[in-house]
Structure formats: C-alpha cells, structure tokens
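1. Need coordinates for the below:
(chains A, B, C and D)
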Protein chains: 2
Amino acid sequence: MKHNKDSTMYIMPFDPKLDAAPAPQLPVRELILHAACQVFAHEGYAAATVSGIAAKAGLPKPNVLYYFKSKDKLYAQVLESIAAPYMDACLCLRAGDEPVEALTRTVLAMVRLFERQPFASKVFMVELKEGATRLPPAYAERWSTRVRDSVDCLRHWVDRGLLASMDPEHLLLSIWAIAQSCISLGWQVPALRGRDQLEAVDYAAATQTATRLLLQGLLPAPADIRRKRA
Amino acid sequence: MKHNKDSTMYIMPFDPKLDAAPAPQLPVRELILHAACQVFAHEGYAAATVSGIAAKAGLPKPNVLYYFKSKDKLYAQVLESIAAPYMDACLCLRAGDEPVEALTRTVLAMVRLFERQPFASKVFMVELKEGATRLPPAYAERWSTRVRDSVDCLRHWVDRGLLASMDPEHLLLSIWAIAQSCISLGWQVPALRGRDQLEAVDYAAATQTATRLLLQGLLPAPADIRRKRA
DNA sequence: GTCTATACGACGATAGAC
DNA sequence: GTCTATCGTCGTATAGAC
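-> The predicted structure follows:
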C-alpha cells in the first residue's frame, strides 16, 4: 500500500459526517468506491472519468481498474454498495400503516439519508430518474416489486378515502421529488442563492417543509377555505 | 441542400405536435437545432455526441460544426432557442396576484409546455437542476432576477398569511418538482410501469394532480381533520 | 454550402516490470 | 498488489476538395 501522490486528497469529504466512515485507513477497495461515489455525484456517469476517480482517491489510474474491471462495473458496484438504505427509505409504505404516520416516516427517512450520505444520495436519485437501468439485476427486480407494493399501498389508501383521489404512481414520484427538492438547494440551482454557496442545509427544516407540503396536499380536503386577499 | 442519407430520420418526432413545427422543409440551422434538442434530451449533454446529432438530422458530422462552431456552443444555442417560454411558465408569480390563481396558472403553463415540447422541456429542466450554468449570460441574468422576484413574491404571500409558513426557496423548487413529476412517467422510471412503455401521458390529469397536490399543501391549514382508519 | 479525409486529444483498458 | 508505459477507440474539431 503505497500510492497517494497527493496526501491532501487522501480522503476528502466536505464534512466528517458525510457519506461512509472517513476512517483514516480504509481498505483500498472501499477507498475507491468512496472516491467514485463523490465523482459520480458531481459529474454524472457519462462525464465522470476513471482518471478523475483515481485522482480523487490518490491512486494511479490502473489501480482503479485492477479492483473493478471497468468504469461500468465500478459504477454498478457503487450503486450496489449504497442501494439498500434507499430501498428502506423510499419504499417503506405498507397497506396496514396509518397514512400520515407512514408518509411522515418516509420523508424523515429520506431526508436523514440525504443528510448522512449526500453524495450517495445524489448518485442514487439521479439513477432513479434515469430509470434505474444500471442497477444490478438482482436489486432492480427487488426495487421494481417494492415499487409496485408501494403504489398498491397508495392506491389502497386512495380507494379507502384516506388520501385524496390521485394517480398513485404520480404520487410516489411526487413524494420523492418533494423530499429531494427540499434539500437540493445545496447541490443545485446556484441561481437561487449566491454563486456556489454550498451552505449547510437545515435538514430539520427541510423535513418539516416537505412533510407539511406533502401531507396537507395528500389528506382529503376538509373544508375548502380560500382566504381572499384583503 | 443535398445531404439526407437516410430519409427515414429526416425529422422524427414521436408525435407531429411535439416540439417545434415538423415542417417537411426546414432551414438547415433549425433542422440541426431540432435534432440536437432531441439528442440532448435523450442522452444528456455529456453523453450526447456531435455524430449522433448529425445522424439524427441526416447530415454528415462536419455540417453540424459548420453552423455551430462547437458542441458547447450548439448546446448553448439550443438552450437559447427554447429558454423564453420557460421564463414565462416557471416564473410568472407576481406579488399582486391572487395566490391560488397564480399557482394554478403556473402549473398549467408548465404542463402545457411539457406537452407541446417534451424534448425541449427535458433539456431545460435538466439544465435547471444542474444550476443553469450553461445558459448564455444574458439569459442567466434575467433568469436569476426573475427567480428572485418569484421567491420574493412567495415570501410576501407567506408573510401575509396567504400561504402556509414555509421556506420560499424550497417552495419554488418544489413547485417545479411537482409539476415535473406528474408528467415524467413517460420519460423516466420504467420500473413503475412496463419496460419502455412510452405511453401517451394524460396532461389534463397531470395538471389536475399537480394542482391539487400543490394547493392543498400550500393553503393555510383550515381544520386539521385526520380521519382514522375504520 | 456540402462533404471526405484526417488531425489531435482524451478516454477506457491492457501489458508487463517491479 | 502497485504502477509506468502504451495500445486502440472514439470524441471534437479542422483542412481542403467540390
């Protein structure tokens, strides 16, 4: 174990709490996965390069391809190494649950994940939006069935009048989108705030905002009070 | 004007109504922009290639670079050629408006745009999420100021009690995200439906879903009725 | 304006010394 | 396991004939 031309980039999460444990000494394989996750998060799959990942990890390029045979497989491994928590966070609705409690729990779990693993979250959510086509088959299948379960659950709630009448598939997408949009100011849209102001996100506030926005829109309309402007 | 090796891909929108006018004879420049828009929408900026765009347009590769000097500039031109309607659709909130009416109008305008220009919409919305860094400076500045105006408008409404108490920046992002998520089943997430089922989206239903979801969550809570399960 | 041929670089991946 | 050198491919972009 030599490598490491530039000691300043040995492991460099923005915050000690961010993503995987920043243990000073990490098995090389984990080290590469960690670096790859950050690079894929920043650049996206297509724009990311093996050289860039190697540089981030402080290794020469061939070392990366020694552990993972190709860029494609490395990306798949990254996905596989992070997928599990997202299954539980994004797809934890069950027909027996109480809707408000279950949806609150979903939002909370998602935001928690975003907080602890911002890079992994970016990678996974982008992959989701692109159809999860690169998820290893085993995961993809489990993902699909659990998506169907969640959609069925939402439909069940809608049918029983526990939720407003909406298309359950759109609804599931919207839940993810809302949870994401409430924490994505840091990642995206510098037009909204100053330039490159990667300021600390208030995750507690994000959770509250997302939950509020989601629930009040999901519950059956109680009384349609529309206050007019003074 | 010769080119056009393969007449089957002269111009090939899935639907005659989709994106720019499918006029059988289009100025070459427009033809390229049209093809580029589709390719960028499908592959994203990084993965798209000049060859691919040329093929889509039925032209040899250098012709594309004759009209637009580089891939970068071509992309910028695509953005510039489509940006205007999105300024009006995404950022049409004014402090004097009635919130419910204004927000309904926003959702309607966005979904309309998605319906008429699915490719352009994909390109623009992705660019937005990446920080709009490639928008030509002139547009970027106008975009920023109008974003600030809309955020101020939302804040104004929140302060006056016309909307629930929420962070206005998150709120603006969420509005866009909800509108998008209600029409994005076609583009994304084949895991939700069958494989590659690019079925026709019901845009009227999407509008209704998004509006319903958004408004009921935005309005000040009238009475917090929570129906328990039977 | 149109198009063939090609320059040039970057990237993914491999060979093979240590 | 680690790393230097390098190969083949494909990308953007250009030269220059028609």
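
2. Walk me through the domains of chain A.
-> A:7-68, A:83-218 (automatic domain parsing).

3. Could you identify which of those domains is most buried?
-> domain A:83-218 (a mean of 19; mean count of other CB atoms under 10 Å in any protein chain shown). C-beta: built from backbone N, CA, C; applies to glycine.

4. do that one and DNA strand C meet?
-> No - figure legend: domain A:83-218 not in contact with DNA strand C (CB under 7 Å from any atom of the strand); closest approach 13.5 Å.

5. Run through chain A and note the low-pLDDT ranges.
-> Scanning chain A for pLDDT under 70 picks out the ranges A:1-24, A:186-200, A:217-230.

6. Quick one: the helices in it, in order.
-> For chain A, applying DSSP state H gives helices covering A:28-47, A:50-57, A:61-67, A:71-90, A:99-116, A:118-129, A:137-159, A:168-181, A:203-218.

7. Which strands or helices does the fourth one pack on?
-> The reference is to helix A:71-90. Judged by 3 or more CB pairs under 8 Å, 6 or more residues apart in numbering or on different chains; DSSP states H and E, the packing partners of helix A:71-90 are helix A:28-47, helix A:50-57, helix A:99-116, helix A:118-129, helix A:137-159.

8. got it, and the first one?
-> In terms of contacts (3+ CB pairs under 8 Å, 6+ apart), helix A:28-47 is packed against helix A:50-57, helix A:61-67, helix A:71-90, helix A:118-129, helix B:28-47.

9. Now do that helix: everything it contacts.
-> Applying CB atoms under 8 Å, 6 or more residues apart in numbering or on different chains, the contact partners of helix A:28-47 are A:1, A:11, A:13, A:19-20, A:26, A:48-49, A:52-54, A:56-57, A:59, A:63-64, A:67-68, A:74-75, A:77-78, A:81-82, A:118-120, A:122-123, A:126, A:134, B:43-47.

10. Figure out how far it is from the centre of its chain.
-> Taking CA atoms, centre = their mean, to the nearest Å, one finds helix A:28-47 lying 15 Å from the centre of the chain it belongs to.

11. near DNA strand D at all, that helix?
-> Yes - using CB under 7 Å from any atom of the strand, helix A:28-47 reaches DNA strand D at A:Val28.

12. Serialize the helices and strands packed on helix A:28-47 to JSON lines and add fields for distance to A:Glu98.
-> Putting these into JSON lines (distance: least, CB to CB, whole Å) gives the following:
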{"stretch": "helix A:50-57", "distance to A:Glu98": "44"}
{"stretch": "helix A:61-67", "distance to A:Glu98": "46"}
{"stretch": "helix A:71-90", "distance to A:Glu98": "18"}
{"stretch": "helix A:118-129", "distance to A:Glu98": "26"}
{"stretch": "helix B:28-47", "distance to A:Glu98": "40"}
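
13. quick one, what contacts A:Ala57?
-> A:9, A:31-32, A:34-36, A:64.

14. Roughly how far does the residue nearest the centre of chain A sit from DNA strand D?
-> Centroid-nearest residue in chain A, with CA atoms, centre = their mean: A:Ser121, separated by 2.7 Å. Going from A:Ser121 to DNA strand D by CB to the nearest atom of the strand, to the nearest Å gives 28 Å.

15. That residue: what's its closest spatial neighbour, skipping adjacent residues?
-> Once flanking residues are discounted, A:Ser121 sits nearest to A:Phe114: 4.7 Å by CB to CB, 6 or more residues apart in numbering or on different chains.

16. Could you do A:Ala205 as well?
-> A:Ala205's closest residue in space is B:Asp167 (CB to CB, 6+ apart), at 6.6 Å.

17. Next up, phi/psi of that neighbour, please.
-> The phi/psi pair for B:Asp167 (degrees, to the nearest 10) reads phi -70, psi 120.

18. Could you do A:Gln117 as well?
-> According to degrees, to the nearest 10, A:Gln117 has phi -130, psi 70.

19. wouldn't it be in contact with A:Ala83 here?
-> No - with contact defined as CB atoms under 8 Å, A:Gln117 does not reach A:Ala83; the gap is 11.7 Å.

20. quick one, what contacts A:Cys90?
-> A:106, A:110, A:176.

21. 10 Å instead?
-> Taking CB atoms under 10 Å, 6 or more residues apart in numbering or on different chains, we find A:Cys90 in contact with A:106, A:109-110, A:113, A:124-125, A:128, A:143, A:146-147, A:150, A:172, A:175-176, A:179.
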